[in-house]
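Asker: With the sequence up front, the predicted model follows.
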Amino acid sequence: MRTTSITKPLEVTRKWFVVDAADQNLGRLSSQVAHILRGKHKPIFAPNVDAGDYVIVVNADKVKVTGNKLDQKYYVRHSGYLGRKKEIRMREMFKKNPEFVLTHAVKGMLPKNNLGRKMLTKFHVYAGPDHKHEAQKPEALVLAK
């Protein structure tokens, strides 16, 4: 009789990857990063187990967007009180907090449950070329453009 192996959280081995986001498209980059965070690139992938790897993204301020998204896309938040809706354009958000733009895009591509929130903790974004995770010896990962 053949049996299907079930992935257990203790069997998962994690790697650290560093990705250079300079001149990468925002959507394509974030979908590939979400793929790695979820662990779909591994043969032991299971939708109920966090088997993903750690991802460090550097140069988040140099990400490209196509079309008129810089002026037409808004990030909206609401305080819960009447009339307290705040909108900020993508161009302004890139100046104010470039890490948020990439984090927001990746977060939208992960599952919307406890497992997705746990996967997001393995994602680190930095606006410049430096990061503080040299002790983990991350491997350079080149993603398709």
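Answerer: Looks like it arrived, so ask away.
Asker: just the strands in the chain please.
Answerer: According to DSSP state E, the chain carries its strands in the segments 16-20, 54-58, 74-78, 85-89, 123-125, 139-140.
Asker: Point out the most buried one among those.
Answerer: When neighbours are counted by mean count of other Cβ atoms under 10 Å, the highest per-stretch mean among the strands of the chain falls to strand 54-58, a mean of 22. Every residue, glycine included, has its C-beta placed from N, CA and C.
Asker: what's in contact with that strand?
Answerer: Outside strand 54-58, the residues within contact range by Cβ atoms under 8 Å, 6 or more residues apart in numbering are 14-21, 29, 33, 36-37, 102, 122-126, 128-131, 133, 136, 138, 141.
Asker: go on, stretch 16-31?
Answerer: Looking at stretch 16-31 with Cβ under 8 Å, 6+ apart, the contacting residues turn out to be 33, 36, 53-60, 62-66, 101-102, 105-106, 109, 129, 131, 133, 136-141, 143-145.
Asker: And it, end to end?
Answerer: Criterion Cα to Cα, to the nearest Å; first-to-last residue distance in stretch 16-31 is 18 Å.
Asker: One more: stretch 108-127?
Answerer: Looking at stretch 108-127, the gap from its leading to its trailing residue is 20 Å under the measure Cα to Cα.
Asker: Centre of the chain to that stretch, how far?
Answerer: Stretch 108-127 sits 6 Å away from the centroid of its parent chain (Cα atoms, centre = their mean, to the nearest Å).
Asker: buried residues in that stretch?
Answerer: For stretch 108-127, burial by neighbour count (16 or more other Cβ atoms under 10 Å) applies to 109-111, 115-116, 119, 122-127.
Asker: Please report how far the closest residue to residue 109 other than its chain neighbours lies from residue 129.
Answerer: Residue nearest to residue 109 in three dimensions, not counting chain neighbours: residue 34, with 3.8 Å by Cβ to Cβ, 6 or more residues apart in numbering. Distance from residue 34 to residue 129, counting by Cβ to Cβ, to the nearest Å: 23 Å.
Asker: same deal with residue 86?
Answerer: As for residue 86, its distance to residue 129 is 31 Å (criterion: Cβ to Cβ).
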